[in-house]
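Undergrad: model the following, please.
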Amino acid sequence: MPALPSAVGNAGRYTTIAMILHWIVALGILALLGIGLIMKHGGLPPQRMFQLFQLHKSIGITVLFAVILRLIWRLTHAAPALPATMPRIERKTAHAGHIALYALMLGLPLLGWGVVSASAFSIPTVLFGEIPWPDLPVLPNMDHKDVAEGILTALHKYGAWLMIALLAAHIGAVLRHRFILHDGVAGRMIFLPRFSKTPHSPSVRKA
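TA: The predicted model follows:
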């Protein structure tokens, strides 16, 4: 089986395309979580709530497409090597964490899309006020779509809290690699050269 094309830039870093997709998704997710918390707990007037709801949907669909592109890229390119000094259990944990993040990055926008599609209010989705977006099939015409909406809403809600927990763990791991281990792992997704120096040490391919 031929080796995958390299996804590695200079000094063991991800390429520019990979970093762009990573940060589009990361910033989009942070925006979605922030908007979601504001909508839930902000006590906003209806007009402002409607505007944020439309923005939330617009960013969510954008993130969904960016994640699909990122996943295609990841499946067709080899990841940078991890340090050979990293314990096997940490490599396995990192791999499992990335799989969980990908599952949530795909699942949460789809669940949100499902919530909108099953909603009894049938509010049209217009991405960024310009692009009409359809509902998912089947859900709008269900006999008891309020039940489906309730289930999808609960899954979306608890999935968002799980995403927050995984992001906290991910950021904690990055900070550990950057300020404690100094092994170059934290700099692989950072554009600024001063933060992305990778030490010349043996490495192993990401499991």
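Undergrad: where does residue 149 fall, phi/psi-wise?
TA: Note on residue 149: its backbone torsions stand at phi -60, psi -40 [degrees, to the nearest 10].
Undergrad: OK, contacts around it?
TA: 115, 118-120 (C-beta atoms under 8 Å, 6 or more residues apart in numbering). (Glycine included, C-beta is placed from N, CA and C.)
Undergrad: please produce a PyMOL select command covering the buried subset of those.
TA: What follows is the PyMOL syntax selecting those of these that are buried according to 16 or more other C-beta atoms under 10 Å:
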select buried, resi 115+118+119
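Undergrad: ok, the contacts of residue 149 vs residue 84, which is closest?
TA: Residue 84 lies nearest to residue 115 out of the contacts of residue 149, by C-beta to C-beta, at 45.2 Å.
Undergrad: shouldn't that closest one be in contact with residue 154?
TA: No - Residue 115 is beyond contact range of residue 154, at 9.8 Å (criterion: C-beta atoms under 8 Å).
Undergrad: next one: the helix or strand hosting residue 53 to chain centre, how far?
TA: For residue 53, the host element (DSSP states H and E) is helix 46-76. Relative to its parent chain, helix 46-76 has a centroid offset of 9 Å by C-alpha atoms, centre = their mean, to the nearest Å.
Undergrad: in that helix, what's buried?
TA: For helix 46-76, by 16+ other C-beta under 10 Å, it's 52-64, 66-67, 70, 73-74.
Undergrad: quick one: residue 136 is in a strand?
TA: No - read with DSSP: H, G, I helix; E, B strand; the rest coil, residue 136 is coil and lies in no strand.
Undergrad: check contacts around it.
TA: Contacts of residue 136 by C-beta under 8 Å, 6+ apart are 113-114, 117.
Undergrad: what's the nearest residue to it if we skip its chain neighbours?
TA: residue 117 (4.2 Å; C-beta to C-beta, 6 or more residues apart in numbering).
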